[in-house]
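Asks: Quick one, structure for this:
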Amino acid sequence: MTARNALFVLIPALIAAPSFAQSQSGVSEFTLDNGMQILVRPDHRAPVVVTQVWYRVGSSYEGRGETGLSHLFEHMMFKGTEQVPEGRFSEIISGEGGRENAFTGRDFSAYFEILAADRLPIALELEADRMANLQINDEALSTERQVVLEERRLRTDDRAEGRFAERYAAIAHPGTGYAHPIIGWADDIRGFAVSDLQSWYQQWYTPSNATLVVAGDVDPETVYDLAKTWFGDLPSRPTPAVHDPENLDPPGERRLIYRDEQTRVAQLRMGYSVPSFATTEAALDPYALLMLASVLDGGEGARLAEEMVRGSEVAAAAGAGYNPMTRLDSEFSLFGVPSDGDVEAVEAELRAQIKRLQTERISDEALERARSQLLADHLFELDSVFYQAMQLGMLETTGAGWETLDAFAQNIRALSAEDLQAAAKRYLRPEQLSVGVMLPEDQEDGS
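Replies: Below is the predicted model of the structure:
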């Protein structure tokens, strides 16, 4: 999420007669001459439009001494241009009855507006202006640096969970840009100069590194014409080469024991390094991992709630999750809060649940429950115009490709119990595992 407390498409085509691809989900894709990608998904249920501009840069693109630069720059994007001084952008959108904000992730930086459909040109003009003409100065940097440092203090430095999460990420993602926090390390934030932000802007905020996503009550051809009007003449610049580590051999099980004087309740995090949509070698494997997470934690009837919380009562809370929309390898995650402080018992039970996925065929009933839950969640998200755009932008920016959206339901329906068992055996192995335990300062490692 972003410093501005923002949390947690697109259009037509080329020259005189735009040529474009349209998917079964109604998404149209275009590319301007300067390399800017445009995706449009019409949804005519309400006279509303969502505009999102996604840049392929986030915290995972940062090196040593640069951590937090993407997030801090998100703040700077609201500091104004010569044409639209600081504060005026938000005033214009608010005056039109709309909302705007932004968010930074590990793999992207994104900016959005929600407006009445006939106000789309206003959003595009404003976004094009700050893509090309942002003003960056010492006064603005000084102000936003303090805002970000305060945000870091409130969300991380003063919270036991935040301190634990940062330490866990360092062991769970060794050697990658996912090992440091999106908000950055405080020393790096304090050290940034105007020249650092100007360089970041020149390197990454260029049309060829951006995707415009527009969803709502729009016509793709019209969106294309508007996008070409406002963005088409902006010059593109080459972006730096990104030197990501190749997928390494499993580093072996890693373990963190962290004691914190402010916590009163022990917590456990476990995560297996697994492929994402972008890194998988087998197309169905990410869907199988989604299904496995749903078997464990897909509603009240799922295994962890049924067996660990309400059954044995070894845990006061337990859960599982998997996000396949990442540029690098992702994580199949588990967590547990012991009901009586016995972390070892919770870890043993979570390991037993993973072993069960590998050795027992999932019943037809459990399989269909997990499948139905995933499909229902997917359809619920797509009922929102904003999240239609979010899914397209995230899939495209992380390298999976927006077309993945079209294949989701079909691939979930195609999975068998045998597919899930095979994926559990292939990926949920000890050598892929990171374990993090947070304990009260005076508690021993066990119960």
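Asks: got the residue ranges for the strands in the stretch 201-350 of the chain?
Replies: Remark: strands assigned in the stretch 201-350 of the chain by DSSP state E, counting those that start in this stretch are 210-216, 254-260, 267-274, 315-322, 330-338.
Asks: Which elements pack onto the last one?
Replies: Using 3 or more Cβ pairs under 8 Å, 6 or more residues apart in numbering; DSSP states H and E as the contact criterion, the secondary-structure elements in contact with strand 330-338 are strand 267-274, helix 285-297, strand 315-322, helix 343-359. No exception for glycine: its C-beta is placed from N, CA and C like everyone else's.
Asks: Describe which strands it pairs with in its sheet and in which direction.
Replies: Using DSSP bridges, strand 330-338 pairs in its sheet with strand 267-274 (antiparallel), strand 315-322 (antiparallel).
Asks: Identify, out of these, the most deeply packed stretch.
Replies: strand 267-274 (a mean of 23; mean count of other Cβ atoms under 10 Å).
Asks: Pull that one out as CSV, backbone CA atoms only.
Replies: Taking Å, rounded to 0.1, in the frame of the first residue of the first chain, the C-alpha atoms of strand 267-274 are listed here in CSV:
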residue,chain,number,x,y,z
GLN,A,267,2.9,-16.1,16.4
LEU,A,268,4.1,-18.5,13.7
ARG,A,269,4.7,-17.9,10.0
MET,A,270,5.7,-20.6,7.5
GLY,A,271,6.3,-20.1,3.8
TYR,A,272,7.3,-22.3,0.9
SER,A,273,9.0,-20.7,-2.1
VAL,A,274,6.8,-21.6,-5.1
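Asks: CSV for the strands of the stretch 201-350 of the chain, including mean pLDDT and distance to Val309?
Replies: Below are these laid out as CSV (pLDDT from 0 to 100; distance: least, Cβ to Cβ, whole Å):
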stretch, mean pLDDT, distance to Val309
strand 210-216, 98, 38
strand 254-260, 96, 24
strand 267-274, 97, 14
strand 315-322, 97, 5
strand 330-338, 97, 9
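Asks: can I get these in CSV with distance to Trp54?
Replies: Listed next are the strands of the stretch 201-350 of the chain as CSV, based on distance: least, Cβ to Cβ, whole Å:
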stretch, distance to Trp54
strand 210-216, 5
strand 254-260, 32
strand 267-274, 24
strand 315-322, 22
strand 330-338, 19
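Asks: burial count for the closest residue to Gly321 other than its chain neighbours?
Replies: Sequence neighbours aside, Ser333 is the residue nearest to Gly321 in space, at 5.1 Å (criterion: Cβ to Cβ, 6 or more residues apart in numbering). A count of neighbours around Ser333, defined by other Cβ atoms under 10 Å, yields 20.
Asks: what's near enough to touch Ser333?
Replies: Ser333 sits next to 269-272, 320-322 when contact means Cβ atoms under 8 Å, 6 or more residues apart in numbering.
Asks: From Glu66, how far out is it?
Replies: 26 Å (Cβ to Cβ, to the nearest Å).
Asks: Same question for Ile362.
Replies: From Ile362 to Glu66 the distance is 44 Å (Cβ to Cβ).
Asks: neighbour count winner among the two?
Replies: Ranked by neighbour count (other Cβ under 10 Å), Ile362 and Glu66 place Ile362 first, with 23 against 19.
Asks: Give me the neighbour count for the closest residue to the more buried one other than its chain neighbours.
Replies: Of all residues not flanking Ile362 in the chain, Ala417 sits nearest, at 4.6 Å (Cβ to Cβ, 6+ apart). Neighbours of Ala417 under the rule other Cβ under 10 Å: 16.
Asks: sorry, back to before: distance to Ala352 for the strands paired with strand 330-338 - can I get that in JSON lines?
Replies: Shown next, in JSON lines, are the strands paired with strand 330-338 (distance: least, Cβ to Cβ, whole Å):
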{"stretch": "strand 267-274", "distance to Ala352": "12"}
{"stretch": "strand 315-322", "distance to Ala352": "12"}
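Asks: ranges for the helices of the stretch 101-250 of the chain?
Replies: Under the criterion DSSP state H, counting those that start in this stretch, the stretch 101-250 of the chain contains helices at 120-133, 138-152, 160-172, 186-191, 194-204, 220-231.
Asks: For Ala110, find the nearest of the ones you listed.
Replies: Checking the helices of the stretch 101-250 of the chain against Ala110 by Cβ to Cβ gives helix 120-133 as the closest, at 10.9 Å.
Asks: Now do the contacts for the residue nearest the centre of the chain.
Replies: By Cα atoms, centre = their mean, the chain has its centre lying nearest to Gly105, at 5.4 Å. Residues near Gly105 by Cβ under 8 Å, 6+ apart: 58-59, 182.
Asks: okay, it: pLDDT?
Replies: Turning to Gly105, the model gives it a pLDDT of 98.
Asks: how close does it get to Ile38?
Replies: 21 Å.
Asks: Convert the C-alpha atoms of the lengthiest helix in the chain to PDB, please.
Replies: As assigned by DSSP state H, the longest helix anywhere in the chain is helix 364-382. Output in PDB follows, covering the C-alpha atoms of helix 364-382 (Å, rounded to 0.1, in the frame of the first residue of the first chain):
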ATOM      1  CA  ASP A 364     -14.400 -34.900  -4.100                       C
ATOM      2  CA  GLU A 365     -16.400 -32.900  -1.600                       C
ATOM      3  CA  ALA A 366     -13.400 -30.900  -0.400                       C
ATOM      4  CA  LEU A 367     -12.200 -30.400  -4.000                       C
ATOM      5  CA  GLU A 368     -15.500 -29.000  -5.100                       C
ATOM      6  CA  ARG A 369     -15.800 -26.800  -2.100                       C
ATOM      7  CA  ALA A 370     -12.400 -25.300  -2.700                       C
ATOM      8  CA  ARG A 371     -13.100 -24.900  -6.400                       C
ATOM      9  CA  SER A 372     -16.500 -23.200  -5.800                       C
ATOM     10  CA  GLN A 373     -14.900 -20.800  -3.200                       C
ATOM     11  CA  LEU A 374     -12.200 -19.700  -5.600                       C
ATOM     12  CA  LEU A 375     -14.600 -19.200  -8.500                       C
ATOM     13  CA  ALA A 376     -17.000 -17.300  -6.300                       C
ATOM     14  CA  ASP A 377     -14.200 -15.000  -5.000                       C
ATOM     15  CA  HIS A 378     -13.000 -14.400  -8.600                       C
ATOM     16  CA  LEU A 379     -16.500 -13.500  -9.800                       C
ATOM     17  CA  PHE A 380     -17.100 -11.300  -6.800                       C
ATOM     18  CA  GLU A 381     -13.900  -9.300  -7.600                       C
ATOM     19  CA  LEU A 382     -14.800  -9.000 -11.200                       C
END
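Asks: any low-confidence regions in the stretch 301-447 of the chain?
Replies: Scanning the stretch 301-447 of the chain for pLDDT under 70 picks out 444-447.
Asks: Kindly recompute the last result at 80.
Replies: The stretch 301-447 of the chain contains residues with pLDDT under 80 at 443-447.
Asks: what does stretch 233-240 contact?
Replies: 34-36, 56, 128, 131-132, 202-204, 206-209.
Asks: Looking at the residues you listed, which one is closest to Ala283?
Replies: Nearest member of these to Ala283, counting by Cβ to Cβ, is Arg56, at 22.6 Å.
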